[in-house]
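Q: Give the three-dimensional model of this entry:
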Amino acid sequence: MKKQIFKLEATASTTSARAGTISTDHGDVQTPFFMPVGTYGAVKTFSSEEIKLLPSKILLSNTYHLYLRPGTEILEAAGGLHKFMNWDGAILTDSGGFQIFSLEGFRKISEDGVTFRSHLDGSKHHFTPEKIVDIQRSIGSDFMMMLDVCPPGDADRQTWIDALETTTRWAKRGMEHYRNTDPIYGHHQVLLPIVQGGTDKELRRRSASELCELDADAYAIGGLAVGEPKPEMLATVEVMNDELPKDKPRYLMGVGTPADLVRNVARGVDMFDCVMPTRNARNSQIFTFEGKMNIRNAQYRNDFSLIDETSTSPYSIKYTKAYLHHLFRTQEVLGLRIASQQNLHFYIVLMKKMREEIMNDTFEKWANGFLLKYEGEPL
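A: Predicted coordinates:
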């Protein structure tokens with residue numbers, strides 16, 4: 001009998017927000033959740049022990065980058081990525097499709113797969129749907145993404161159709177190979193198809209319908225947050241809420257701002273990732289429940305209040321805005337660490353707060369209050 005990885009525990013009465021639990025061999029992860037991005041097997045400025053303090057039960061790494069460095073031979077010799085980076089939580093690996101398709105002029109799509117040149121040394125490589133599964137078997141991630149074609153948000157309809165059709169054909173091949181192979185390290189791995197179709201509702205429904213025939217354990221929504229207007233992204237996610245199975249997790253790839261998370265949880269999404277909390281931290285933007293701030297601004301030079309008065313973070317409660325301002329002005333690496341720790345802690349606590357509100361069936365009221373403070377507009 002097929003193992004059920006997702007238990008739906010509550011759905012908000014006035015929105016599509018959901019709370020549940022995903023079971024992995026590296027522990028249970030409560031939804032909705034946000035995955036810190038550790039592209040190369042490390043979240044920038046963090047040790048694995050510090051990620052656990054946030055606390056996060058899952059993080060994301062990238063197949064394309066890990067394939068190039070350190071390579072599958074090293075990862076297998078280490079016993080997989082979990083052992084290599086001393087991480088006992090769950091890991092999701094993106095297939096690297098987005099990175100490959102960003103290599104304009106350095107890649108070529110064929111029916112078999114995609115040929116590309118490394119951004120590191122120009123060496124030539126070829127990924128097929130089957131090889132992407134094999135690489136992620138070597139990595140040992142708990143959640144593996146399929147190879148897909150990710151067109152830009154402003155592409156024409158025919159480009160979206162071509163990407164959709166290729167993605168479906170590759171998904172069928174990838175799923176067949178996945179079911180004919182076994183994990184290397186003994187723990188269960190889940191393979192996720194990725195729904196494409198741009199912001200065209202008809203194409204999105206078609207893609208979801210074709211991929212649901214694969215009876216995967218979870219589904220991803222790809223090809224969004226790639227340049228399309230925000231209202232179109234939200235409308236597309238609403239369509240996905242209707243088309244994807246209610247009893248399986250939904251992962252919205254590469255999204256986004258704190259407000260994006262709230263708006264998309266309201267539309268039935270369970271899983272998120274984005275580089276924003278750490279990337280913006282390195283550029284001096286701090287996220288708190290009171291709003292955003294640029295810690296380099298002169299107004300914080302003599303502000304001795306805590307970075308986030310409402311935070312329970314083991315990091316931010318120890319430092320003042322004036323001190324963090326000083327660290328950025330003097331380009332001390334500690335400033336990047338504190339800012340990154342604050343932002344990731346905020347994102348993870350934000351997800352936990354949403355889960356609480358869903359469980360209490362007070363999500364819509366809370367979400368509107370949060371969004372009015374953050375963006376000035378409710379759901």
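
Q: What about Asp162, how many residues nearby?
A: Residues lying near Asp162 (other C-beta atoms under 10 Å) number 16. Heads up, the C-betas are built off the backbone N, CA and C, glycines and all.

Q: can you tell me how far it sits from Asp273?
A: To Asp273, Asp162 is 26 Å away according to C-beta to C-beta, to the nearest Å.

Q: His177: neighbour count?
A: His177 has 18 nearby residues by other C-beta under 10 Å.

Q: Skip the chain neighbours and tell me the closest residue to it.
A: Glu130 (4.2 Å; C-beta to C-beta, 6 or more residues apart in numbering).

Q: Now for the one you found, how many residues are close by?
A: The local packing of Glu130 (other C-beta under 10 Å) involves 19 other residues.

Q: Please spell out the segments of this structure that come in under the pLDDT threshold.
A: 1, 315-317 (pLDDT under 70).

Q: ok, now which ones touch the residue nearest the centre of it?
A: What sits nearest the mean C-alpha location of the chain, by C-alpha atoms, centre = their mean, is Asp273, with 2.1 Å. Residues in contact with Asp273, defined by C-beta atoms under 8 Å, 6 or more residues apart in numbering, are 34-37, 60, 92, 253-254.

Q: So how do I select the buried members of these in ChimeraX?
A: Per 16 or more other C-beta atoms under 10 Å, the buried members of those correspond to this ChimeraX selection:
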select :34,35,36,37,60,92,253,254
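
Q: Make a markdown table out of the contacts of Asp273 and add secondary structure.
A: What follows is these, written out as a markdown table (DSSP: H, G, I helix; E, B strand; the rest coil):
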| residue | secondary structure |
| --- | --- |
| Phe34 | strand |
| Met35 | strand |
| Pro36 | coil |
| Val37 | strand |
| Leu60 | strand |
| Leu92 | strand |
| Met253 | coil |
| Gly254 | coil |
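
Q: Need the outlier residue of this protein, farthest from its centre.
A: Outermost in the chain, C-alpha atoms, centre = their mean: Asn302 at 36.5 Å.

Q: circling back: and for the residue nearest to the centre of the chain, nearest residue in space, chain neighbours not counted?
A: In space, Asp273 is closest to Met35, 4.2 Å off (C-beta to C-beta, 6+ apart).

Q: Okay, that neighbour and Leu59: tell me how far apart.
A: 6 Å.

Q: Now do the shared contacts for these two.
A: Joint contacts of Met35 and Leu59 (C-beta under 8 Å, 6+ apart) are Leu92.

Q: Check whether the residue farthest from the centre of the chain really touches Lys321, as I assumed.
A: No - in this structure, Asn302 is not within contact of Lys321 by C-beta atoms under 8 Å, at 9.2 Å.

Q: before we move on, which element is His345 in?
A: helix 333-359 (DSSP states H and E).

Q: Show the subsequent helix or strand relative to that helix.
A: Past helix 333-359, the next helix or strand by DSSP H and E is helix 363-374.

Q: Show me which residues of that next one are buried.
A: Quick answer for helix 363-374 (16+ other C-beta under 10 Å): 363-364, 366-367, 370-371, 374.

Q: for that helix, packing partners?
A: For helix 363-374, the elements it packs on are helix 258-265, strand 291-294, helix 333-359, judged by 3 or more C-beta pairs under 8 Å, 6 or more residues apart in numbering; DSSP states H and E.

Q: Turn those into CSV, columns for distance to Leu66 and mean neighbour count.
A: Converted to CSV, these look like this (distance: least, C-beta to C-beta, whole Å; neighbours: other C-beta atoms under 10 Å):
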stretch, distance to Leu66, mean neighbour count
helix 258-265, 26, 24
strand 291-294, 32, 14
helix 333-359, 21, 21
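
Q: Before I go, just wanted to say thanks for your time.
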